[in-house]
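> Predicted model follows, preceded by the sequence.
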Amino acid sequence: MEIKKIGVVGAGTMGNGIALVAAQIGCDVVMRDIKDEFVQRGMKAINGFLSKSVEKGKLEAAKKDEILGHVTGTTDMSLMKDVDYVIEVVVEDLNLKKSVFKELDEICRPEVVIASNTSSMSITEIAASTKRPDKICGMHFFNPVPIMRLVEVIRGHLTSEETAMTAMNLAKKMGKIPVDVKKDSPGFIVNRIMLPHLLEAIKIVEEGIASIADVDIAVKNGLNYPMGPFELMDLSGIDIAYFVTEYFFKEMNKELKWVCPTMLKNMIRAGRLGRKTNGGWYDYSK
Ligand SMILES: NC(=O)c1ccc[n+]([C@@H]2O[C@H](COP(=O)([O-])OP(=O)(O)OC[C@H]3O[C@@H](n4cnc5c(N)ncnc54)[C@H](O)[C@@H]3O)[C@@H](O)[C@H]2O)c1
């Protein structure tokens, strides 16, 4: 089936980025969130990215309007009834994802592939909430979506070869570099490697070995990473680091190395989730 219309469920940081790259390849996009203000925030982010591209001379103004014209923002889930492919991008909560997949399974045509942008969670378990587990896969984009090229395509236990290939080909069409994650395992490739690095950074600060700023300076200049671990958590959302840590602890037989540091828990309790709340490990209010 040719993919002409894509459903994106969730209009947050990742959802609006995915809607944008889908519109850029000429697909019509239905971007759904639960409240109109969230839909509008997502539309504003897409508009903002495209306006900057026009200002920088990377995009013609007419092309911007054409791309925007492909995106319909909505709170109405029933509009997913005639999309050819869906990418779920709601918050990293397994029960929420399962309920969203159950709802989508009832609305979408039976042949439609439904992919999850989960950062860590079991595609097999998400797929079990539907009657089409062979048509469910992970499609893990990275932040910021229009710029980062990797997409991890994750095969759940029952994902068919055809579904995995459909996701790989769609990622390529979007100009991305897909990798084939052959087994469904917490954090897939990148987050399995990255999470220990984030947790060690927090422990170094908790133990009083160095400040947040100095850990970031050390990692950027000693490992040549483009961002330090604290800057990265602020960009991607500290809540995501927290949810992924809790999920790893549960899934990896409660190994001590995955215990959530108190400092990380306190950031969540204080509502300091990073750039999206104007404050996380650093302050962005000014
Ligand atoms: N932020 C990152 O750097 C990053 C990177 C890769 C993957 N992810 C994953 O992408 C997903 C979304 O992350 P995010 O950073 O965009 O989160 P976010 O908090 O910015 O956005 C999530 C959006 O989902 C919406 N939502 C909640 N329930 C919904 C429903 N039933 N239907 C439609 N929308 C609903 C929320 O209102 C919110 O706007 C998570 O699974 C996360 O782990 C995030």
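Arrived safely, thanks for sending.

> Could you report the neighbour count for the closest residue to the ligand within the chain?
The minimum distance from the chain to the ligand, using CB to the nearest ligand atom, falls at Gly12 (1.8 Å). Backbone N, C-alpha and C define where each C-beta goes, glycine included. Using other CB atoms under 10 Å, Gly12 is surrounded by 17 other residues.

> Please apply the same query to the one 10 residues further on.
Ala22 sits with 28 neighbouring residues when counted by other CB under 10 Å.

> next one: Ser185
15.

> pretty sure it is touching Gly156, no?
No - under the criterion of CB atoms under 8 Å, Ser185 is not in contact with Gly156, lying 10.8 Å apart.

> quick revisit: enumerate every residue touching the residue of the chain closest to the ligand.
With contact taken as CB atoms under 8 Å, 6 or more residues apart in numbering, Gly12 is in contact with Asp33, Phe38, Gly42, Val89, Val91.

> near the ligand, which residues of this structure show up?
By the rule CB under 6 Å from any ligand atom, the part of the chain lying against the ligand is 9-15, 32-34, 38, 89-92, 96, 100, 117-119, 140-143, 236-237, 240.

> how about the strands in the stretch 101-250 of the chain?
All strands of the stretch 101-250 of the chain, identified by DSSP state E, counting those that start in this stretch, fall at 113-116, 136-141, 150-155, 177-181.

> could the ones you listed go into CSV alongside mean pLDDT and mean neighbour count?
Converted to CSV, these look like this (pLDDT from 0 to 100; neighbours: other CB atoms under 10 Å):
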stretch, mean pLDDT, mean neighbour count
strand 113-116, 98, 27
strand 136-141, 98, 28
strand 150-155, 98, 23
strand 177-181, 98, 16
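
> Mind putting those strands into a markdown table with distance to Thr124?
Formatted as a markdown table, these follow (distance: least, CB to CB, whole Å):
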| stretch | distance to Thr124 |
| --- | --- |
| strand 113-116 | 11 |
| strand 136-141 | 9 |
| strand 150-155 | 9 |
| strand 177-181 | 12 |
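
> Pull the number of nearby residues for Glu207.
Here the number of neighbours of Glu207 (other CB under 10 Å) works out to 8.

> before we move on, what about Asp283?
Using other CB under 10 Å: Asp283 sits among 10 other residues.

> same deal with Ser122?
Look at Ser122: counted by other CB under 10 Å, it has 21 neighbours.

> Please name the residues that touch it.
Ser122 makes contacts with Leu94, Gly156, Asp184, Pro186, Glu251, as judged by CB under 8 Å, 6+ apart.
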